[in-house]
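Trainee: sequence-free structure coming up:
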């Protein structure tokens with residue numbers, strides 16, 4: 001490890017916990033594929049009965065989307081599908097209600113129009129993997145595939161996962177993930193559905209000491225064991241920071257994908273009419289399954305994905321920084337900025353809206 005960076009980051013986390021602006025948190029950094037920082041501090045909840053260690057898993061929400069995208073890129077590299085493959089060719093019941101011409105790249109680029117949640121008779125239905133795949137297969141897109149780009153907060157994982165399951169004729173998506181990505185990247189504490197043993201060392205989402213939070217409904221959702229144990233790569237992922245960072249370290253060192261595939265995937269895949277919707281400071285510029293950032297002359301130099309609670313995983317291709325942060329305080333402030341400052345990383349170097357390059361489908 002890098003002793004200087006480790007000391008700086010550990011101090012940042014310890015200070016945040018001491019001041020009560022974080023409850024429990026982790027930060028990890030790999031540089032050129034080598035572990036440089038492995039810092040953690042605090043507790044799994046405000047009772048302070050269990051300390052956070054390097055193996056503690058946290059709800060990371062949409063941070064789990066990017067590794068799910070990597071699964072599909074792996075299947076493309078193996079020749080099992082292509083980005084232009086009709087989804088209905090591998091998932092026949094999907095080819096209905098305006099989705100007959102929907103292709104794999106439409107999903108990966110957030111241009112498939114399936115961002116709406118299907119109506120459920122009870123919330124727990126969202127924890128039933130096969131049920132949700134069947135519901136997504138019957139959905140009607142909000143617009144013709146490919147015409148617009150819009151973020152899919154909750155449905156993305158059922159789409160990427162459903163395609164992979166149908167291609168491999170295996171309904172165990174978490175096992176598919178481990179076979180294609182997790183094991184190769186040594187992501188040993190990353191879960192699309194955590195089991196009881198893993199949850200013994202897991203963080204509970206908490207409000208700030210003054211009672212404020214981003215959303216009590218979201219806290220209740222991801223503190224519910226039903227959703228912690230279910231497979232939904234878009235929302236319900238659990239992980240430690242080390243495993244998230246290892247995903248990007250494995251991408252950086254070529255363990256998971258070829259340079260050709262990455263270059264194809266981390267260029268903008270937005271449409272012309274989407275240009276004006278891009279807002280400074282938001283995750284809204286997409287490649288194929290990854291959110292893009294970086295300087296204006298190198299969009300995609302930084303890519304990855306963050307989660308609503310403040311977790312994040314990124315790769316800076318120039319610095320060869322593969323980094324991650326997890327936290328269980330579901331409120332501001334976020335120790336993320338101080339972590340990034342400590343390692344000399346500038347996150348979200350957002351381009352001017354009017355100059356965003358437009359990718360082609």
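Mentor: Yep, it's here. Here the structure is a predicted model, which is why all the values come from computation and not from measurement. Residues are numbered from 1 along each chain as shown.

Trainee: grab the most central residue of the protein for me.
Mentor: Geometric centre of the chain, nearest residue: residue 63, 2.3 Å, by Cα atoms, centre = their mean.

Trainee: where does pLDDT dip in the stretch 251-361 of the chain?
Mentor: The model of the stretch 251-361 of the chain has pLDDT under 70 over residues 271-284, 296, 347-361.

Trainee: let me see the ranges of the strands in it.
Mentor: Under the criterion DSSP state E, counting those that start in this stretch, the stretch 251-361 of the chain carries strands at the ranges 291-293, 302-306, 312-316, 321-327.

Trainee: of all those, which one is nearest residue 40?
Mentor: Closest of these to residue 40 is strand 321-327, at 8.8 Å (criterion: Cβ to Cβ). Yep, even glycine has a C-beta here, placed from its N, CA and C like the rest.

Trainee: given that closest one, what are its sheet partners and their directions?
Mentor: strand 24-31 (antiparallel), strand 312-316 (antiparallel) (DSSP bridges).

Trainee: would you point to the one among those that's packed deepest?
Mentor: strand 24-31 (a mean of 28; mean count of other Cβ atoms under 10 Å).

Trainee: what mean pLDDT does the next helix or strand after that one get?
Mentor: Later in the chain than strand 24-31, the nearest helix or strand by DSSP states H and E is strand 34-42. The average pLDDT within strand 34-42 is 98.

Trainee: pull the distance from strand 34-42 to the chain's centre.
Mentor: Strand 34-42 sits 20 Å away from the centroid of its parent chain (Cα atoms, centre = their mean, to the nearest Å).

Trainee: packing partners of that strand?
Mentor: helix 3-19, strand 24-31 (3 or more Cβ pairs under 8 Å, 6 or more residues apart in numbering; DSSP states H and E).

Trainee: before we move on, back to that, looking at this, the residue nearest to the centre of the chain is in a helix?
Mentor: Yes. Counting by DSSP: H, G, I helix; E, B strand; the rest coil, residue 63 is located in a helix.

Trainee: from residue 192, how far off is it?
Mentor: Distance check for residue 63 against residue 192: by Cβ to Cβ, to the nearest Å, it reads 12 Å.

Trainee: for those two, list the residues in contact with both.
Mentor: Taking Cβ atoms under 8 Å, 6 or more residues apart in numbering as the contact criterion, the residues that touch both residue 63 and residue 192 are residue 237.

Trainee: columns distance to residue 120 on top of the strands of the stretch 251-361 of the chain, output as a markdown table?
Mentor: Below are the strands of the stretch 251-361 of the chain laid out as a markdown table (distance: least, Cβ to Cβ, whole Å):
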| stretch | distance to residue 120 |
| --- | --- |
| strand 291-293 | 27 |
| strand 302-306 | 25 |
| strand 312-316 | 29 |
| strand 321-327 | 28 |
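
Trainee: right, and the helix or strand after the strand or helix carrying residue 158?
Mentor: Assigned by DSSP H and E, residue 158 belongs to helix 156-168. Downstream of helix 156-168, the next assigned helix or strand under DSSP H and E is helix 173-177.

Trainee: which other helices and strands does that next one contact?
Mentor: So helix 173-177, by 3+ Cβ pairs under 8 Å, 6+ apart, packs with helix 65-77, helix 156-168.

Trainee: from residue 51, how far out is the residue lying closest to residue 173 once chain neighbours are set aside?
Mentor: Excluding the flanking residues, the one nearest residue 173 by Cβ to Cβ, 6 or more residues apart in numbering is residue 161, at 4.4 Å. As for residue 161, its distance to residue 51 is 33 Å (criterion: Cβ to Cβ).

Trainee: which one of the two has more residues nearby?
Mentor: Of the pair residue 161 and residue 51, residue 161 is the one with more neighbours under other Cβ atoms under 10 Å, namely 27 against 13.

Trainee: dump the residue contacts of that one.
Mentor: Counting by Cβ under 8 Å, 6+ apart, residue 161 has contacts 68, 71, 129, 133, 173, 176, 192, 231, 233.

Trainee: how many other residues sit next to residue 230?
Mentor: With other Cβ under 10 Å as criterion, residue 230 counts 19.

Trainee: just checking, it touches residue 132?
Mentor: No. With contacts counted by Cβ atoms under 8 Å, residue 230 stays clear of residue 132, the gap being 9.3 Å.

Trainee: overlap in contacts, the two.
Mentor: residue 126.

Trainee: quick revisit: for the helices and strands packed on helix 173-177, which one sits closest to residue 207?
Mentor: helix 65-77 (25.3 Å).

Trainee: distance of residue 346 from residue 318?
Mentor: Distance from residue 346 to residue 318, by Cβ to Cβ: 11 Å.

Trainee: could you do residue 195 as well?
Mentor: For residue 195, the distance to residue 318 - Cβ to Cβ - is 38 Å.

Trainee: before we move on, what about residue 202?
Mentor: 34 Å.

Trainee: show me where the protein has its helices.
Mentor: 3-19, 65-77, 87-90, 104-108, 129-138, 156-168, 173-177, 196-199, 216-222, 225-228, 241-252, 259-265, 336-342 (DSSP state H).
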